[in-house]
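**Student:** need a 3D model of the sequence below.
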Amino acid sequence: MNIAYFGNDWHIGCLETFKNNGHSIGHIFINSEQPFNVLIRQYASDNNIPVTTTKPDVKTIESLLQQGIDCLFSIEYAWLIPVPENLSDVFTMNVHPSMLPHGRGTTPVSWIINSQAQHAGVTFHKLTNEFDSGDIIYQKSLSLAQDESFETLMIKLHLTIPQLLNEVLSDFENLYHQAKKQGTGSTWPKIEINDRVINWNMTTKQIKGLSAACGRFGVVARLNNETLLVNNIELGQITHEYLNGTIIKEDDDTIVVAVSDGFVILMKRNIIERI
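**Tutor:** Below you'll find the predicted structure:
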């Protein structure tokens, strides 16, 4: 297959998987010129593959097909890829980090860590003109550790997806033509900044869960009329007499805040920004 690849650095291993299975990459699409696209831009340069950073429209896709592209493959690509009608001779495939039809949406990993562990997995499905709704080509569930976090699950996906893609490609046409329609399932809303705010009445366990689900994107801490976006917090449990949300201690490195069953340590070096 000659593939138009829509993605970024995070799952760049898929490019080698295609190559090792005898396929070629004819065009690469990335969302924008951002730091997490450094490796894939270099890969494209080293292999003389054209790169597009703008949102594709139907004419762009039709032009690719006229140039000999016969597979559209996307993974961690933010924009909807418009699928022209009458694609009987073209393969399309997207990789989604949940067991569809459950977990449609843009932030499934955070939801899986927060409350939907039973739907952890990877789904390969056909592209349609609606996000995450295409027929399922192949999927496999993932087991989570008791202390799984956004960051550890993302690494598991980084390591697992190229392996699963290899399994798909080993019997691709058969799997593709036997793809099954999705059921009703569920769509999980995008986790916004207000969903990441620490409520100081939470327990340390609840705050740890919130932090684990947000990962590098951080949790929001509101203190003394200031709003901080912080990642990599620490927690401890102890009986105390402070009111929830009270600053117990502050120095050049930390802010320690009381919660019902202990305290939260905000490391100042991990403050991403003041909002």
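**Student:** could I get the phi/psi values of the residue located most distally from the centre of the chain?
**Tutor:** The centre of the chain is farthest from one residue, residue 241, which by CA atoms, centre = their mean lies 40.6 Å away. Backbone torsions of residue 241, given as degrees, to the nearest 10, read phi -110, psi 10.
**Student:** equivalent analysis for the one 4 residues further on, please.
**Tutor:** In terms of degrees, to the nearest 10, the main-chain angles of residue 245 are phi 90, psi 0.
**Student:** which of the helices or strands spans the nearest residue to residue 139 once chain neighbours are set aside?
**Tutor:** Excluding its sequence neighbours, the residue lying closest to residue 139 (CB to CB, 6 or more residues apart in numbering) is residue 123, at 4.1 Å. Where you see a C-beta, it was placed from the backbone N, CA and C, and this is true even at glycine. For residue 123, the host element (DSSP states H and E) is strand 121-125.
**Student:** what strands flank that strand, and is each parallel or antiparallel?
**Tutor:** Here strand 121-125 is paired, per DSSP bridges, with strand 91-96 (antiparallel), strand 136-141 (antiparallel).
**Student:** show me where pLDDT drops low in the stretch 101-250 of the chain?
**Tutor:** For the stretch 101-250 of the chain, no stretch has pLDDT under 70.
**Student:** and the helices in it, which stretches?
**Tutor:** 108-114, 150-170, 172-177, 204-214 (DSSP state H, counting those that start in this stretch).
**Student:** save those helices as JSON lines, and put in mean neighbour count and distance to residue 197 too.
**Tutor:** As requested, the helices of the stretch 101-250 of the chain are exported to JSON lines (neighbours: other CB atoms under 10 Å; distance: least, CB to CB, whole Å):
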{"stretch": "helix 108-114", "mean neighbour count": "23", "distance to residue 197": "14"}
{"stretch": "helix 150-170", "mean neighbour count": "17", "distance to residue 197": "17"}
{"stretch": "helix 172-177", "mean neighbour count": "14", "distance to residue 197": "43"}
{"stretch": "helix 204-214", "mean neighbour count": "19", "distance to residue 197": "9"}
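**Student:** now the ones you listed as JSON lines including distance to residue 255?
**Tutor:** Shown next, in JSON lines, are the helices of the stretch 101-250 of the chain (distance: least, CB to CB, whole Å):
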{"stretch": "helix 108-114", "distance to residue 255": "24"}
{"stretch": "helix 150-170", "distance to residue 255": "22"}
{"stretch": "helix 172-177", "distance to residue 255": "52"}
{"stretch": "helix 204-214", "distance to residue 255": "14"}
